[in-house]
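A.B. asks: predicted coordinates and the sequence they were generated for:
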Amino acid sequence: MTEHQSPERLQTVADVTPAHRTRPPRLPGDRREKTGSILMVDHAGEYGAARIYAGQLAVIGDRHSHAPLIRHMAAQERRHLETFDRLLLERRARPTLIGPLWHAAGFALGAATALLGPRAAMACTAAVEEEIDRHYGAQLDVLADGSDPELREHIADFRADEAEHRDTALAHDAESTPGYPILSALIRAGCRAAIAVSSRI
Ligand SMILES: [Fe+2]
Ligand SMILES: [Fe+2]
């Protein structure tokens, strides 16, 4: 027997067999199916949120009076994203395939609204966070069956931050930006579409 055919060598190969080959197949409706879909869309959403705030800060810069509160919201989004990063790894769930789209679209949305002015940037935040609040509320209802208390706790925690972001934006004249109803409706529709797609692929 050569070195490459030794029992030790075979053991090593078995150890690195990709996890998905050794796991039982997923069945529709099982817990991993549900939490996998939740983690995938929430991870994408938090990534998109972080990119929106990055886009706003790139335009608004550090000296504008809104900069500290946008940085504060961005830091909270990073905490949310890091948690979902960790949960994806721990649960062996996969990220959405349209991550690159979130990367570009999130930054573009943040930058474009900030270019319209600080009130438009706040209108963007209010619209996005309103949709995320609604989305997290629906997930809390789904997880009310006790199937995943840890995930539910994180979502409830983050939802409180998102509601705070929305309220901060509304308190900083989001609704007085010109064309607010149309801008808000467009952004909210975009968020709902992105959420629907990222729950599936
Ligand atoms: Fe968030
Ligand atoms: Fe947020």
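C.D. replies: Structure received. Numbering: from 1, shown residues only. Ligands and ions are numbered 1, 2, ... in the order given.
A.B. asks: close to ligand 2: what parts of the protein are there?
C.D. replies: 49, 162, 165 (Cβ under 5 Å from the ion). Every residue, glycine included, has its C-beta placed from N, CA and C.
A.B. asks: a markdown table please, covering these and showing neighbour count.
C.D. replies: As requested, these are exported to a markdown table (neighbours: other Cβ atoms under 10 Å):
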| residue | neighbour count |
| --- | --- |
| 49 | 28 |
| 162 | 27 |
| 165 | 25 |
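A.B. asks: ok, so of these, who is nearest residue 92?
C.D. replies: Nearest to residue 92, judged by Cβ to Cβ, of those is residue 49 at 24.0 Å.
A.B. asks: please name the nearest non-neighbouring residue to the closest one.
C.D. replies: Nearest residue to residue 49, sequence neighbours excluded (Cβ to Cβ, 6 or more residues apart in numbering): residue 77, at 4.5 Å.
A.B. asks: show me what contacts the one you found?
C.D. replies: 46, 49-50, 53 (Cβ atoms under 8 Å, 6 or more residues apart in numbering).
A.B. asks: what's the first helix or strand after whatever helix or strand it lives in?
C.D. replies: Using DSSP states H and E, residue 77 sits in helix 67-90. Sequence-wise, the next helix or strand downstream of helix 67-90 (DSSP H and E) is helix 99-116.
A.B. asks: by contact count, what packs against the next helix or strand after that following helix?
C.D. replies: Counting by DSSP H and E, the next helix or strand C-terminal to helix 99-116 is helix 118-142. Applying 3 or more Cβ pairs under 8 Å, 6 or more residues apart in numbering; DSSP states H and E, one finds that helix 118-142 makes contact with helix 31-60, helix 99-116, helix 149-171, helix 180-198.
A.B. asks: show me what the longest one is packed against.
C.D. replies: With contacts taken as 3+ Cβ pairs under 8 Å, 6+ apart, helix 31-60 sits against helix 67-90, helix 99-116, helix 118-142, helix 149-171, helix 180-198.
A.B. asks: is stretch 65-85 anywhere near ligand 1?
C.D. replies: Yes. Using Cβ under 5 Å from the ion, a contact is recorded between stretch 65-85 and ligand 1, made by 77, 80.
A.B. asks: could you pull out the buried residues of that stretch?
C.D. replies: 66, 69-70, 73-74, 76-77, 80-81, 83-84 (16 or more other Cβ atoms under 10 Å).
A.B. asks: in CSV: those residues, plus pLDDT.
C.D. replies: Below are the buried residues of stretch 65-85 laid out as CSV (pLDDT from 0 to 100):
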residue, pLDDT
66, 87
69, 91
70, 92
73, 93
74, 92
76, 95
77, 94
80, 96
81, 94
83, 96
84, 94
